[in-house]
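Student: just to be clear, the model below is a prediction. Sequence and coordinates:
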Amino acid sequence: MGADRPEGLSNVVKHLRIREELLARIKTMRPNDQLPQERELAESFQVSRATVRQALQSLIEDGLIYSVRGQGTFVSQSRISKGLTLTSFSEDMRARDFEPATRLLAATECPAPEDVARMLEVRPGSSVYYLERLRLADGFPMCLERIHLPTQPFPKLLHQDLDASLYQVLSARYRTVVTTAEQHISAIALQRRQADLLGVSVRSPALRVSRRGIDTRGRIIEYGESLYRADRYDFELTIHR
């Protein structure tokens, strides 16, 4: 039985062959070009959609393509690597020739939950701002962030343009600059709402970055949690012995 007959190949060999053919095709395409739909690929390769999906998932995990729920799969830009320098999302994106954008999902004043109060070093129940924002690069979702800030240093923060860079708002309006960030990075699987907002499948991998921001006066002025798509983002660390 010839190797050129897909119906005679095992599923593993089939998806590896499709992966290699897609990889060759991707090399001739530009970043953000769209690949054919699963159905078209299945018909072209004469295999099941499950086999095509397996090959696509392998390429997604390697960061070579990315998926957008309801739209399809696209050729990736180079994966965005975040280093140790303290920069905002907007600064990161512009440095890599992406156009940053923000979709404000929630902005409210509320009592601080106990865990948030502990991180901000305020009394539980103290008034804090809560922001939830979806961060985009060239129109594609990259990061979902939830942020708490104490209200006292930032009167009328909710009246500001929160679709812009928050750090820029804090600097320009309140003369507050975050100079230190304590961060904790972990891997998670996205739940339904998170995955829908980020345009990926449920249980897709993501990087969760918990961050506490400290300003030039040593005040803790921000506690946030950001969920980054693992297929579009990684972190580069240089360590020394």
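Tutor: Nice, I can see it.
Student: surely residue 32 touches residue 72?
Tutor: No. With contact defined as CB atoms under 8 Å, residue 32 and residue 72 do not form a contacting pair (11.5 Å). For glycine as for every other residue, the C-beta is placed from the backbone atoms N, C-alpha and C.
Student: what sits closest to residue 127 if chain neighbours are left out?
Tutor: residue 151 (4.5 Å; CB to CB, 6 or more residues apart in numbering).
Student: tell me the pLDDT of the one you found.
Tutor: pLDDT, residue 151: 96.
Student: how many residues are close by it?
Tutor: Neighbours of residue 151 under the rule other CB atoms under 10 Å: 17.
Student: then residue 46?
Tutor: Neighbour number of residue 46 under other CB under 10 Å is 11.
Student: next one: residue 227
Tutor: 24.
Student: what's the answer for residue 212, then?
Tutor: Neighbour count of residue 212, defined by other CB under 10 Å: 18.
Student: quick revisit: the residue nearest to residue 127 reaches residue 128, doesn't it?
Tutor: Yes. The pair residue 151 and residue 128 qualifies as a contact (CB under 8 Å) at a distance of 6.1 Å.
Student: following the lowest-mean-pLDDT helix or strand in the chain, which helix or strand comes up?
Tutor: Lowest on mean pLDDT, DSSP states H and E among the helices and strands of the chain sits strand 80-82, with a mean of 55. Using DSSP states H and E, the helix or strand that follows strand 80-82 in sequence is helix 89-95.
Student: OK, contacts around residue 127?
Tutor: With contacts defined as CB atoms under 8 Å, 6 or more residues apart in numbering, residue 127 is in contact with 109-112, 150-152.
Student: good, wrapping up.
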